[in-house]
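Chemist: Okay, predicted coordinates and the sequence, questions at the end:
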Amino acid sequence: MYKTKGKPRHERTALWALLAVFMILQSCGKDHDKPRGDNNNPPGNTSPEITSITPARGTPGTIITIQGKNFGAGILQNRVTFAGAAIEAELTAANATEIKAKVPATAVTGKIIVKVGNKSDTSATDFIVVPEVTAITDFAPKQGPLGTTVTITGKKFGNNITVKLNGVEAQVSLRSATQIVFTIPVNTSLTAHKIVVNSDADVLETTDVFTVEASGPYARWESKNVVLFGNGGNAFPFGTSFVYKNKIYWGFNNIVAGESESLYAIYDPAQPAEGWQVQNPVPQEMVPAKVIRVAAIVHNDRVFMGTGFANAGRKQWYEFHPETNTATRLTDYPHEVAGTVTFTLNNKIFVGYGSDNKNLYQFNPAANNNLGSWTLAAGNAPFSELNTGSAVVLGNEVFMGRALPAMLQQRTAIYKYTEAGGITRVTDIPEDVQSLTNPSFTIGSKAYFVTDKNVWEYLPDGNGGTWRAVIRQAGSPSILHVAVLTVNGAKAIYGWTSSGRLYEFKF
């Protein structure tokens with residue numbers, strides 16, 4: 001065997017191998033322990049640093065960008081504080097070099113602090129908080145027909161709010177510091193208009209326009225130049241009206257407060273120049289002077305009238321003979337009541353509700369030796385009250401309103417009655433007004449309900465029906481009574497105010 005001095009050759013080779021492995025392990029350990037540095041996190045400096053803030057000024061709610069280094073990797077690893085703010089700022093984005101923060105509502109001009117863990121940095125300059133001013137930021141929708149509900153969003157809206165479109169004031173249904181909800185009013189033209197908002201002492205205008213679209217024609221009340229009280233007085237308070245042989249009969253209570261007799265007036269469209277003609281007192285036993293809201297219905301050229309509270313409860317029922325101004329006493333109505341709803345359906349007479357009565361009755365004038373009889377048609381109505389409402393008939397369906405569905409609710413409920421199905425609730429009318437009186441009429445397949453100065457069109461369907469305002473304007477007359485006449489061979493809708501000022505409804 002070949003030999004060398006000292007240790008054998010194979011032993012020296014093994015030692016060199018062990019020494020190489022040891023040196024490699026030592027090198028790896030040193031690399032692992034050595035601090036690693038880069039541009040974002042320099043060795044020995046892990047505190048956050050703010051280098052810039054943009055913008056340098058803004059109102060509460062403004063989102064600013066804070067740039068720097070050593071920030072946390074995400075939103076949850078960073079905290080931003082503004083001077084004067086009771087709570088930390090809301091962050092919308094964050095990484096190691098950039099944070100986006102929203103200026104808190106209570107922030108004031110001052111330094112901004114960024115915290116990451118237990119380390120922080122303060123901005124070198126103040127962030128200037130600009131006081132928030134009243135402003136409109138947007139509104140939606142931006143088009144629709146009359147009656148569309150529009151929501152305006154903005155900042156610092158005041159307590160006294162008015163909204164106008166094309167110079168016409170709109171009805172505001174909701175207001176807060178950041179939101180206004182209103183309904184598009186009648187306009188003189190179906191075009192585009194900017195929305196003007198008066199907020200306390202500020203006058204604001206939208207940048208965009210609202211485009212008024214017609215889902216159907218709008219209507220108007222056209223004056224007939226006829227009035228009973230030219231001074232604007234209130235004639236026949238709590239009176240009733242009906243059409244008999246194409247003439248309007250109106251009154252049947254005292255013509256002015258305090259009168260001792262009940263009177264009525266007649267308007268004949270064939271003699272328009274004569275205007276309203278006040279008649280002799282009606283039979284005292286039929287309509288006492290203090291009676292209110294008498295029920296009246298015409299069927300087959302016969303006029304039936306009655307009920308209406310007087311000094312005591314009243315349920316008397318009569319046939320009134322206009323030609324002779326006399327009355328025949330018939331079978332009493334089942335309840336003492338005032339302000340009932342009347343209609344004819346399938347050649348039958350129906351009278352019901354009013355006051356606190358929740359029943360609907362059918363009247364048969366031929367029964368009981370022509371004194372008539374009453375039969376319950378629908379009992380225990382599903383509403384709290386339908387007092388001085390009105391009813392319209394479309395085919396085999398009757399639509400009645402405005403009802404009070406429950407105490408302390410709005411008087412906007414509309415109900416449908418059919419002989420087969422009884423009473424069901426349909427879509428509410430979109431408006432509640434203080435007046436109980438709401439005359440109604442039909443044109444074709446649509447019903448129209450008058451609510452003081454406004455007229456709402458109702459189209460029935462399988463989902464409860466839809467509403468559209470055809471008159472909704474502050475300058476419209478306050479219509480209390482409506483009559484359907486034939487004028488020049490065509491159907492005409494006449495309406496009049498408390499002073500007897502007469503109008504015709506036209507599209």
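Modeler: Now that the structure is in, tell me what you want to look at.
Chemist: quick one, domains of the chain?
Modeler: For the chain, the structural domains run 49-129, 135-212, 220-506, going by automatic domain parsing.
Chemist: got a list of what residue 344 touches?
Modeler: Shown here is residue 344, whose contacts under the criterion CB atoms under 8 Å, 6 or more residues apart in numbering are 297, 299, 350, 393. Just so you know, the C-beta spots here come from the backbone N, C-alpha and C atoms, and that holds for glycine as well.
Chemist: If we use 10 Å, what do you get?
Modeler: If a contact means CB atoms under 10 Å, 6 or more residues apart in numbering, then residue 344 has 297, 298, 299, 300, 350, 363, 391, 393, 398 as its contacts.
Chemist: Pull the helix or strand where it lies out as CSV, backbone CA atoms only.
Modeler: Assignment of secondary structure by DSSP states H and E places residue 344 within strand 341-345. Extracted as CSV, the C-alpha positions of strand 341-345 are listed here (Å, rounded to 0.1, in the frame of the first residue of the first chain):
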residue,chain,number,x,y,z
VAL,A,341,-121.0,56.7,-0.4
THR,A,342,-123.6,56.1,-3.1
PHE,A,343,-123.5,54.3,-6.4
THR,A,344,-125.5,52.2,-8.8
LEU,A,345,-124.1,48.8,-9.9
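Chemist: pretty sure residue 503 is in a helix, no?
Modeler: No. According to DSSP: H, G, I helix; E, B strand; the rest coil, the state of residue 503 is strand, so it is not within a helix.
Chemist: Tell me how far the nearest residue to it once chain neighbours are set aside lies from residue 135.
Modeler: Leaving aside its sequence neighbours, residue 503 sits nearest to residue 221 (CB to CB, 6 or more residues apart in numbering; 3.8 Å). Counting by CB to CB, to the nearest Å, the gap from residue 221 to residue 135 is 39 Å.
Chemist: out of the two, which sits in the more crowded spot?
Modeler: More crowded of residue 221 and residue 135, by other CB atoms under 10 Å: residue 221, with 24 against 14.
Chemist: Bridged to the more buried one, which residues?
Modeler: With DSSP bridges applied, residue 221 shows beta-bridge pairing to residue 505.
Chemist: which stretches of this protein form helices?
Modeler: Under the criterion DSSP state H, helices of the chain are mapped to 9-33, 367-370.
Chemist: what bits of the chain have low per-residue confidence?
Modeler: 1-45, 186-190, 311-312 (pLDDT under 70).
Chemist: first vs last residue of stretch 359-370, how far apart are they?
Modeler: Between the opening and closing residues of stretch 359-370 there is a gap of 23 Å (CA to CA, to the nearest Å).
Chemist: how distant is stretch 177-194 from the center of its chain?
Modeler: Relative to its chain's centre, stretch 177-194 lies at 13 Å (CA atoms, centre = their mean, to the nearest Å).
Chemist: same question, stretch 279-293
Modeler: The chain centroid and the centroid of stretch 279-293 are separated by 41 Å under CA atoms, centre = their mean.
Chemist: Tell me which residues of that stretch come out buried.
Modeler: Of the residues in stretch 279-293, those scored as buried under the neighbour-count criterion (16 or more other CB atoms under 10 Å) are 281, 282, 283, 286, 287, 288, 289, 290, 291, 292, 293.
Chemist: you'd agree the first one is up against residue 327?
Modeler: The reference is to residue 281. No. Residue 281 is not in contact with residue 327 according to CB atoms under 10 Å; the separation is 11.9 Å.
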